[in-house]
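Trainee: Just the structure for this:
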Amino acid sequence: MSRLLSLKLWFALSTFALLAACAQPVKHADYTAFKNSRPRSILVLPPENETTDVQASSSMLSQMTMPLAESGYYVLPVAVMNETFRQNGLTVPADIQATSPAKLREIFGADAVLYSKITQFGTVYRVLASATVVTASAKLVDLKTGEVLWQGSASASSNEGNNYGGGGLIGMLVTAAVQQIADSLTDKSHDIAGLTSYRLLHAGPPNGLLYGPRSPKVGTD
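Mentor: Below is the predicted model:
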């Protein structure tokens with residue numbers, strides 16, 4: 001009987017601990033500096049590329065404007081930004097991102113600048129599963145003060161929600177191989193980069209950007 005009671009007590013305590021862990025509040029970012037700055041316009045710089053795919057930076061950059069614009073910000077045209085740096089002999093993202101905030105404000109007149117970095121971009125094959133994964137991080141910096149207003153990271157994968165359990169081991173191997181070939185032929189990385197860009201740069205809780213002045217939701221965050 002005592003053993004049964006001990007088991008019941010252990011189960012009750014374990015359940016309580018699990019519920020307590022689940023009840024922990026989501027950690028929210030500190031938006032004090034962001035709210036004080038309230039930028040209206042954003043300059044997006046080419047992402048630094050820490051992967052082996054030479055197309056990663058341009059692919060990601062081409063899809064970063066939309067989520068920022070949809071969040072209520074004016075985004076300086078990417079083509080203008082690229083050409084301005086090219087005319088000044090800067091074409092490498094790391095060199096461009098090394099430009100001082102004061103100089104960026106002088107040249108472009110934006111309120112804030114977005115720095116970003118790509119750490120994973122492409123299709124990976126891991127025996128039983130193949131997936132195209134894009135992972136990136138970013139930070140928004142006030143061009144007047146040089147203060148970091150916000151920072152975050154995001155990732156997306158082509159096999160989110162996929163289930164490989166229905167065809168046995170051989171079926172899983174074949175599916176993974178076929179998926180890898182298909183992703184390579186259709187440049188799946190570019191599509192996944194778009195999803196990563198949206199997850200990274202959309203406004204809203206719990207840790208996204210604040211809504212910009214052109215958003216109908218401005219001030220609700």
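
Trainee: Next one, pLDDT for residue 164 please.
Mentor: Looking at residue 164, its pLDDT reads 46.

Trainee: Could you do the one 5 residues further on as well?
Mentor: For residue 169, the pLDDT comes out at 46.

Trainee: for the one 5 residues further on, same thing?
Mentor: Reading off the confidence values, residue 174 has pLDDT 44.

Trainee: Sketch out the low-pLDDT regions of the chain for me.
Mentor: 1-28, 125-129, 161-186 (pLDDT under 70).

Trainee: any idea which helix or strand carries residue 115?
Mentor: strand 112-125 (DSSP states H and E).

Trainee: other SSEs contacting that strand?
Mentor: Contacts defined by 3 or more Cβ pairs under 8 Å, 6 or more residues apart in numbering; DSSP states H and E place strand 112-125 against strand 41-44, strand 48-49, helix 56-61, strand 130-142, helix 168-185, helix 188-201. To be clear about C-beta, it is placed using only N, CA and C from the backbone, and glycine gets the same treatment.

Trainee: distance between that strand and the chain's centre?
Mentor: Centre-to-centre, strand 112-125 and its host chain are 8 Å apart (Cα atoms, centre = their mean, to the nearest Å).

Trainee: same deal with stretch 117-136?
Mentor: 14 Å.

Trainee: Span of that stretch from start to end?
Mentor: Length of stretch 117-136, first residue to last, Cα to Cα, to the nearest Å: 6 Å.

Trainee: picking that back up, give the pairing partners of the strand holding residue 115; include direction for each.
Mentor: Strand 112-125 sits in its sheet next to strand 41-44 (parallel), strand 48-49 (parallel), strand 130-142 (antiparallel), going by DSSP bridges.

Trainee: I'd like those laid out as JSON lines, including mean neighbour count and distance to residue 149.
Mentor: Converted to JSON lines, those look like this (neighbours: other Cβ atoms under 10 Å; distance: least, Cβ to Cβ, whole Å):
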{"stretch": "strand 41-44", "mean neighbour count": "22", "distance to residue 149": "10"}
{"stretch": "strand 48-49", "mean neighbour count": "21", "distance to residue 149": "19"}
{"stretch": "strand 130-142", "mean neighbour count": "22", "distance to residue 149": "5"}
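
Trainee: could you dump those to a markdown table with distance to residue 201?
Mentor: Shown next, in a markdown table, are the strands paired with strand 112-125 (distance: least, Cβ to Cβ, whole Å):
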| stretch | distance to residue 201 |
| --- | --- |
| strand 41-44 | 9 |
| strand 48-49 | 16 |
| strand 130-142 | 7 |
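
Trainee: For residue 33, find the nearest of those.
Mentor: Between residue 33 and the strands paired with strand 112-125, the tightest spacing by Cβ to Cβ is seen for strand 130-142, at 7.3 Å.

Trainee: Tell me which helix or strand comes right after the closest one, heading toward the C-terminus.
Mentor: That would be, after strand 130-142 and using DSSP H and E, strand 148-157.

Trainee: For that next one, list the C-alpha coordinates in PDB.
Mentor: Taking C-alpha atoms only, strand 148-157 is exported to PDB below (Å, rounded to 0.1, in the frame of the first residue of the first chain):
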ATOM      1  CA  VAL A 148      20.200  48.700 -31.000                       C
ATOM      2  CA  LEU A 149      16.400  48.900 -31.100                       C
ATOM      3  CA  TRP A 150      15.600  45.300 -31.700                       C
ATOM      4  CA  GLN A 151      17.200  41.900 -32.600                       C
ATOM      5  CA  GLY A 152      15.900  38.500 -33.500                       C
ATOM      6  CA  SER A 153      16.400  35.300 -35.400                       C
ATOM      7  CA  ALA A 154      14.300  32.900 -37.400                       C
ATOM      8  CA  SER A 155      14.500  29.600 -39.300                       C
ATOM      9  CA  ALA A 156      12.400  27.700 -41.800                       C
ATOM     10  CA  SER A 157      12.600  24.200 -43.300                       C
END
